[in-house]
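Asks: Provided below are the primary sequence and the corresponding predicted coordinates.
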Amino acid sequence: MTRLSILPAALVLTAVVALTLSGCGGEDSSSDGEGKDPGVSAGDGPSASTSPSDSIAEGRPEIEFPSDAKNVFEGQRTGDSAKDAVLADNASSIKAVDEAIFKGSAETKALGFYNVDKALSSSIAYVQGYIDDNDTWIGVTRYFDRKVTLKGTDKAYVTYCSDESKSYIKNKKSGKVDKSPASADSFVLYNTALTKNAGGVWQTTDISSKRGDAACQP
């Protein structure tokens, strides 16, 4: 089964256009987490609004994953502390979406902590799609070719690829796992925009994806 993807309509990342993704590669730096591209256009479901107090909540919310699902994030260390901070919160944004899928709720603390504005609306709609279908996912998803462009001290853009060839949709009711063979569509290109809030958190504000993009193929 081909997973849902974020629609590319609203995102305009002029600073990212100059970046060229180089396909598979990078060192394997692991982190707990996800396996699907967070997305789809905004739709019905919980409200996407987030108050400043929610965004600057004291401490960072803990994100929990089941034992049969994991994300691997390559290139976590660039040698630039500012870029590393952006990549860390980018990874948390991705994991927050998956946690909401696992918990069957688009109202988890982490989802609205790391995602705001259009990115939150898209993420809520994406999570709601899984909830409506009574689906989750298992396996391992790899994130690679992660590149950061800083714009001043509080804005950034991140492009990256995901490899979903080893993660699979599972229906919660039947327990059936869809292990369709990997294809070009198992690889997804993402463009994201982030803004650092008053609490120092790099929150994802906008996101788009293109499944099967040539830049992410092995």
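Replies: Thanks, I have it. This one's a predicted model, so the numbers in the text were calculated from it and none came from an experiment. Numbers count the residues shown, from 1 in each chain.

Asks: measure Leu120 to Asp80 for me?
Replies: Taking CB to CB, to the nearest Å as the measure, Leu120 and Asp80 are separated by 27 Å. For the C-beta atoms, the positions are set from N, CA and C on the backbone; glycine is no exception.

Asks: more neighbours, the two?
Replies: Ranked by neighbour count (other CB atoms under 10 Å), Leu120 and Asp80 place Leu120 first, with 29 against 12.

Asks: Wait, the more buried one touches Ala110, no?
Replies: No: using CB atoms under 8 Å, Leu120 makes no contact with Ala110, being 11.5 Å away.

Asks: Following the helix or strand bottoming out on mean pLDDT in the chain in sequence, what is the next regular element?
Replies: Least confident helix or strand of the chain, by mean pLDDT, DSSP states H and E, is helix 52-55 with a mean of 38. Later in the chain than helix 52-55, the nearest helix or strand by DSSP states H and E is strand 69-73.

Asks: Can you name every helix or strand that that next one contacts?
Replies: The contact analysis (3 or more CB pairs under 8 Å, 6 or more residues apart in numbering; DSSP states H and E) places strand 69-73 against helix 81-103, strand 135-151.

Asks: try it again with 6 Å
Replies: Judged by 3 or more CB pairs under 6 Å, 6 or more residues apart in numbering; DSSP states H and E, strand 69-73 is in contact with strand 135-151.

Asks: And the next helix or strand past the strand it packs on?
Replies: Taking DSSP H and E, what comes next after strand 135-151 is strand 155-171.

Asks: now the angle between strand 69-73 and that next one, please.
Replies: For strand 155-171 and strand 69-73, the angle between their directions (axes from the mean of the first three to the mean of the last three CA atoms, to 10 degrees) works out to 150 degrees.
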